[in-house]
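J.: Next input, structure requested:
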Amino acid sequence: MKGSADLLINGEYKKINIWDVIHWKTFEPEYWEKSRDNIYSIHQNTNLKEKMFFVSGKNGVLSKSYFKYQSNKSNRIYEGYEESYRHEFFKECISRLEVINIKVKGQPVKIYIDKSVQEEVVYTSETKYRVVDVMVYFTKSEPAIYYENWAGKLAIEIYYSHKVDELEIKEFRDLEIPIIEFNAINWKYVK
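T.: Residues are numbered from 1 along each chain as shown. As a prediction, this is how the structure comes out:
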């Protein structure tokens with residue numbers, strides 16, 4: 001389940017969320033009817049975008065609405081088809097960060113983020129690719145050696161339902177792209 005998608009408007013993609021659609025369905029039904037068949041996945045690479053559709057929440061619970069892929073046959077390799085709201089929530093949160101503090105071999109490392117891209121495609125061979133939850137690009141780190149060693153890139157995967165597998169770790173190691181896993185399992189929302 002996805003809470004956001006891209007809407008194709010006049011040849012350009014605009015990121016939308018479930019609340020945009022609920023607003024249109026309620027207050028601008030003509031616009032919604034005209035737009036409903038132009039919903040796509042949020043991939044940066046337009047060749048990889050797939051058609052999606054909006055699903056209203058069960059029993060009228062609007063917050064349980066989501067976007068779903070139209071086809072069950074994904075052309076994506078090694079990628080889960082749907083993701084939880086928690087997974088998508090943390091992708092969005094991480095992609096908005098300006099600084100990330102992590103530990104590498106027990107030592108603190110600070111990454112100053114220039115740009116974050118959700119669902120960045122990384123080709124692992126000529127025919128296979130991975131879709132990274134959040135790819136971070138940076139030009140400054142403390143210590144500075146991490147910018148040099150990592151070539152200003154860091155792949156971040158969200159662990160909620162399944163961990164990063166050994167094959168993915170090997171593929172990223174072969175590409176010399178560092179990958180970290182953010183554990184979203186133990187996070188709780190407290191009112």
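
J.: from here on, contacts and neighbour counts on C-alpha atoms
T.: Fine.

J.: Contacts only, for E119.
T.: 42-44, 131-135 (Cα atoms under 8 Å, 6 or more residues apart in numbering).

J.: give me the element it is part of.
T.: Element membership for E119, per DSSP states H and E: strand 107-123.

J.: State the next helix or strand along the chain beyond that strand.
T.: strand 129-142.

J.: Packing partners of that following strand?
T.: helix 85-95, strand 107-123, helix 145-150, strand 153-159 (3 or more Cα pairs under 8 Å, 6 or more residues apart in numbering; DSSP states H and E).

J.: helices or strands up against the third one?
T.: Contacting helix 145-150 under the criterion 3+ Cα pairs under 8 Å, 6+ apart are the following elements: strand 129-142.

J.: Distance from the chain centre to the strand it packs on, please.
T.: Remark: strand 129-142 is offset 12 Å from the chain centroid, using Cα atoms, centre = their mean, to the nearest Å.

J.: Give me the contacts around that strand.
T.: The contact list for strand 129-142 (Cα under 8 Å, 6+ apart) reads 76-79, 91, 94-95, 109-124, 147, 152-158.

J.: Name the nearest residue to I18, ignoring sequence neighbours.
T.: Nearest residue to I18, sequence neighbours excluded (Cα to Cα, 6 or more residues apart in numbering): G3, at 5.7 Å.

J.: Also D37?
T.: Nearest residue to D37 in three dimensions, chain neighbours excluded: F53, at 7.4 Å (Cα to Cα, 6+ apart).

J.: which helices and strands does the strand or helix carrying that neighbour pack with?
T.: Applying DSSP H and E as the criterion places F53 in strand 52-55. Applying 3+ Cα pairs under 8 Å, 6+ apart, we find strand 52-55 packed against strand 39-40, strand 66-69.

J.: and the last one, how far from the chain's centre?
T.: Taking Cα atoms, centre = their mean, one finds strand 66-69 lying 14 Å from the centre of the chain it belongs to.

J.: Having no further points to raise, I will conclude here.
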